[in-house]
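**Student:** task: produce atomic coordinates for the following.
(2 chains)
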Amino acid sequence: MTEKTTAGLVADIFGTMEARVIPDGVDGITANYGYIITGPNGGKWTVCVADGRVKVMEDLVKPDVTTTCAEDDWIAITLGKLDGMTAFSSGKLKVTGDMGLLVAAAGFFEKYQPQPAEVTVADIFATMESRVNPDGVKGITANCGYRITGEGGGEWTVCVAYGKVKVLEGIANPDVTTTCADDDWIAITLGKLDGITAFSSGKLKVEGNLDILSTAARFFKKYCPPSAGPEEAPEELIALKQVLSIPQTFATGPVMGHFLNALKEKKILANQCPECQRLQIPPREVCAECVVRCKEFVQIGPEGIISTPDVAYYASPDPLTGETRETPYCSCHFLLDGCKGHETMWHELKASDIPRAERGVRVRPVWNDTLTGSVTDIKYFEIIDD
Amino acid sequence: MKKNRNVGVIGVGQSVFSSHREEVNQPEMIHEAVLEALDQAGMTMDDIDCVLHGNMELFEMVHQPDLWHTLGTGAFGKETLRVTTGGTTGATLVCAADALVASGLHDVVMAIGFEKLQEGHTTGGITNMADPLWTRKLQTGALTGMTATQLMDEFGEERAKRASMLYRITMDKHAMNNNKAHRRLGLEFDQAEDLAINSPPLVGELRMIHMCSQSDGTCVMIFASEKKARQHCKQPAWIKDHITVHREENFAIFGDAPVTTTHRYAAEKLFERNNIMDPRKEIDMMEMYDPSSWWGLDWLREFLLLEGDEHLEMVENGEIALDGAFPVNPSGGVIASNPIGATAMVRVAEAAMQIMGTAGDHQVPKQVNTALASGFGGTMWTVLTLLTRDLPGL
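**Tutor:** From the prediction side, this is the model:
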């Protein structure tokens, strides 16, 4: 890749975004994505997504999320040479604002293809000898002449004999001669224009033995433009997508059933080990420490204190429903009145109380309107204001 | 532990660990590690009597994966056994292989732990496997910031955060020497402050940089009776002992009273019955199942029976580094690579490699005579494995 194209690459990545939009990818998304690309060829851009369309603007315009990254890293990420998550984890790529928006952004655009360096007719002929397909030229003896017209054109003869190929400048004793404009010849070579179509439409003219030309398509391996690097054979890999949805029903048994039934009356129960006296919440048939049956229930709480709060800023989507919980939410261990040590109950703290979530703060349960005998009978615990 | 006969690890194979192995299917990915282990043991499938297979089925949602994988495991016509105990699967596979060989039932056993997390939904899988009667609705997958909260309460926010990042960066430096590792970020110690503030928070003070990866990968180990081991391997890693400890199906460890963790309980029992009085001196290195750099830091204290802030000092003084007094996770650990069904086995395999001297670029400089490996899963399952360079007495 030339110096010139590298310099313009970052601008070209943003400049081609509008043309690379994947409609399904941006569907239903309204957000401004800011980008600060640092380095001599960097700059600031905003990718505005709304109503299934994308508009790319220079500079930062009311971004909802802003990504900062060095130009080389940004090019590497765009070309798939650097994994975005790795760059993010290692601090090469920094994000401020609503990070959740970036997850969707991976599906916005078709893959970026850097502009190849200019392909010349001369290069196509110059590389033919190195691209010979041995099976394709086997048993063939022929001279194929080419008259390529236009500024970048010229005349060449491809001589095939004894399984070898020699390319000469000029037309020398051709068995068949092809005449074609330079642009069309490049397009045919790159696979952008079908040879038969060009022949049918008169873009490509042939004099002499047509049969030889029909075998010529197999003479050479695919031409690779100078900038593209070696062409990799595509592997036949397919990803099969499947979504599972599994309705389940669990039996509670009498011990857990007793505990869950009490919730319907807004009572929280624990069962007590007859040996070590510890309480289990929720109850368990057998004390895990003493391995004896626990038949005695005691009522605890319903008020208590925060023991260990855990504020989740990242929620993984539920694979069965596809839904993601709102964040932040606070998963919390509470020490209800009548309990001590590790006799905590695990539930949630009201989201608006998160800023005040500290150990020892007093809480009470907030019950749901409909009580069904399940963990959701308690909406959450909330902090008691004095 | 009373054993009928000694068991040695004579071959280890690992696939490359990565977040994306879409270029191979499950049996093909397993086959990579099977070939490497056989090659190292100087064996062919004809020498293998029994093949053990393990992963967490709910991650890929494939039943009978052992049957599909026969194409890659080579288990056709062999005795087989399937083990799936969650996060500890790999370590439990080692226990099972040890028992099968020690008992005399088989002379040579190949154990395979694998996971292809890209093909499922890890956090969703974990959440949907939790106890359905109470905690499933409350679970946050495998993520929790409670240990971070407790460490900051105990040692102050600044010191705890710094030690956790030092642990994290040390692990990354180790992973940089392990060409099988998944995440090799190239972190430097001067990034500690920046990452501790700017890495996105997941739960509480557990940030993305602290947490382990989700990886695809396979680990394979070959276990042999003393006689077979000596025939095939100059320096086997001998299985001295192992112990499994677990608690209730719900977490009951987050109250305000000190609790004996399953890690400490397991270590106390294991050291007691092997006459280990000072684990930091008598054990040469450890491969720990460290799901995050908060847990790694905290659990150091539990496994090595440390008191006060000794575990923080070990990290701060660089003792856990590859060339330190007590190297921890020369492989980069779980934070670097986490193909769950293989993860706990990789701990034992890496500890064995340190004894066998086959760890390559991440071989610790000193001779490893005794190594410890830990497995972890669920609501505090612990499996500890003790390996030695010298043949254990029976």
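**Student:** in the stretch 101-250 of chain A, what residue lies closest to chain B?
**Tutor:** At 4.6 Å from chain B, A:Phe250 is the closest residue in the stretch 101-250 of chain A, using C-beta to the nearest C-beta. All C-beta atoms are positioned from the backbone trio N, CA, C, and that covers glycine.
**Student:** got the contact list for that residue?
**Tutor:** By C-beta atoms under 8 Å, 6 or more residues apart in numbering or on different chains, A:Phe250 lies in contact with B:132-133.
**Student:** please tell me how far it sits from B:Asn6.
**Tutor:** Remark: distance between A:Phe250 and B:Asn6 (C-beta to C-beta, to the nearest Å) = 45 Å.
**Student:** could you do A:Asp386 as well?
**Tutor:** Here the criterion is C-beta to C-beta. By it, A:Asp386 lies 67 Å from B:Asn6.
**Student:** same question, A:Cys48
**Tutor:** For A:Cys48 relative to B:Asn6 (C-beta to C-beta), the value is 69 Å.
**Student:** out of those two, which sits in the busier spot?
**Tutor:** Of the pair A:Cys48 and B:Asn6, B:Asn6 is the one with more neighbours under other C-beta atoms under 10 Å in any protein chain shown, namely 22 against 18.
**Student:** wait, what's in contact with the more buried one?
**Tutor:** B:102, B:225-226, B:229, B:238-239, B:391-392, B:394 are the contacts of B:Asn6 under C-beta under 8 Å, 6+ apart.
**Student:** give me that answer again for 6 Å
**Tutor:** Counting by C-beta atoms under 6 Å, 6 or more residues apart in numbering or on different chains, B:Asn6 makes contact with B:Glu226.
**Student:** which phi and psi values does it adopt?
**Tutor:** Dihedral pair for B:Asn6: phi -80, psi 150, per degrees, to the nearest 10.
**Student:** can you check B:Asp284 too?
**Tutor:** Here is the backbone geometry of B:Asp284 (degrees, to the nearest 10): phi -90, psi -30.
**Student:** please apply the same query to the one 4 residues further on.
**Tutor:** Dihedral angles phi and psi of B:Met288 (degrees, to the nearest 10) take the values phi -110, psi 140.
**Student:** contacts only, for the nearest residue to it once chain neighbours are set aside.
**Tutor:** Leaving aside its sequence neighbours, B:Met288 sits nearest to B:Ser374 (C-beta to C-beta, 6 or more residues apart in numbering or on different chains; 5.0 Å). B:Ser374 is in contact with B:288-289, B:384, counting by C-beta under 6 Å, 6+ apart.
**Student:** which residues does B:Ser374 bridge with?
**Tutor:** Assessed by DSSP bridges, B:Ser374 has beta-bridge partners B:Leu384.
**Student:** tell me the spacing between it and B:Val334.
**Tutor:** According to C-beta to C-beta, B:Ser374 stands 10 Å off from B:Val334.
**Student:** okay, and the common contacts of these two?
**Tutor:** Common contact partners of B:Ser374 and B:Val334 (C-beta under 6 Å, 6+ apart): B:Tyr289.
**Student:** residue contacts, the residue lying farthest from the centre of chain A?
**Tutor:** Most distant residue from the mean C-alpha position of chain A: A:Asn173, 56.3 Å away (C-alpha atoms, centre = their mean). Contacts for A:Asn173 were tallied using C-beta under 6 Å, 6+ apart; they are A:Asn143.
**Student:** repeat that with 8 Å
**Tutor:** A:Asn173 makes contact with A:143, A:157 under the criterion C-beta under 8 Å, 6+ apart.
**Student:** sec struct for it, please.
**Tutor:** Under DSSP: H, G, I helix; E, B strand; the rest coil, the three-state class of A:Asn173 is coil.
**Student:** how about it, phi and psi?
**Tutor:** Dihedral angles for A:Asn173 - degrees, to the nearest 10 - are phi 40, psi 60.
**Student:** quick check, B:Cys219 in a strand?
**Tutor:** Yes - with three-state DSSP as the criterion, B:Cys219 is part of a strand.
**Student:** domain map for chain A?
**Tutor:** Annotated domains of chain A cover A:3-105, A:121-216, A:253-383 [automatic domain parsing].
**Student:** how about the first one, does it reach chain B?
**Tutor:** Yes - using C-beta under 8 Å from any C-beta of the partner chain as the criterion, contacts between domain A:3-105 and chain B involve A:83, A:85-86, A:88-91, A:94-95, A:99.
**Student:** in the longest helix seen in chain B, what counts as buried?
**Tutor:** Secondary structure assigned by DSSP state H gives helix B:157-175 as the longest helix of chain B. Across helix B:157-175, burial judged by 16 or more other C-beta atoms under 10 Å in any protein chain shown covers B:160-175.
**Student:** and chain A, which of these reach it?
**Tutor:** Of the buried residues of helix B:157-175, not one also sits near chain A (C-beta under 8 Å from any C-beta).
**Student:** ok, and for stretch A:89-101, which residues are buried?
**Tutor:** Residues of stretch A:89-101 classed as buried: A:89-95, A:97, A:101 (neighbour count, 16+ other C-beta under 10 Å).
**Student:** for those, work out which two are farthest apart.
**Tutor:** The largest separation in the buried residues of stretch A:89-101, counting by C-beta to C-beta, is between A:Ser90 and A:Leu101 at 21.2 Å.
**Student:** show me what the lowest-mean-pLDDT helix or strand in chain B is packed against.
**Tutor:** Within chain B, no helix or strand scores below helix B:122-129, which has a mean of 75 by mean pLDDT, DSSP states H and E. Other elements packing on helix B:122-129 under the criterion 3 or more C-beta pairs under 8 Å, 6 or more residues apart in numbering or on different chains; DSSP states H and E are helix B:57-60.
**Student:** identify all contacting residues around the helix it packs on.
**Tutor:** Here helix B:57-60 makes contact (C-beta under 8 Å, 6+ apart) with B:26, B:63, B:65, B:84, B:115-117, B:119-122, B:125, B:128-129, B:340-341.
**Student:** now for those, which pair is the farthest apart?
**Tutor:** Across the contacts of helix B:57-60 (C-beta to C-beta), the longest gap, 21.0 Å, separates B:Gln26 and B:Asn128.
**Student:** the two - which one has more neighbours?
**Tutor:** Neighbour comparison, B:Gln26 and B:Asn128: the larger count goes to B:Gln26, with 22 against 18 (by other C-beta under 10 Å).
**Student:** so who does the nearest residue to the more buried one once chain neighbours are set aside touch?
**Tutor:** Ranked by C-beta to C-beta, 6+ apart and with sequence neighbours excluded, the top spatial neighbour of B:Gln26 is B:Lys116, at 5.5 Å. By C-beta under 8 Å, 6+ apart, the residues touching B:Lys116 are B:21, B:26, B:29, B:59-60, B:216, B:339.
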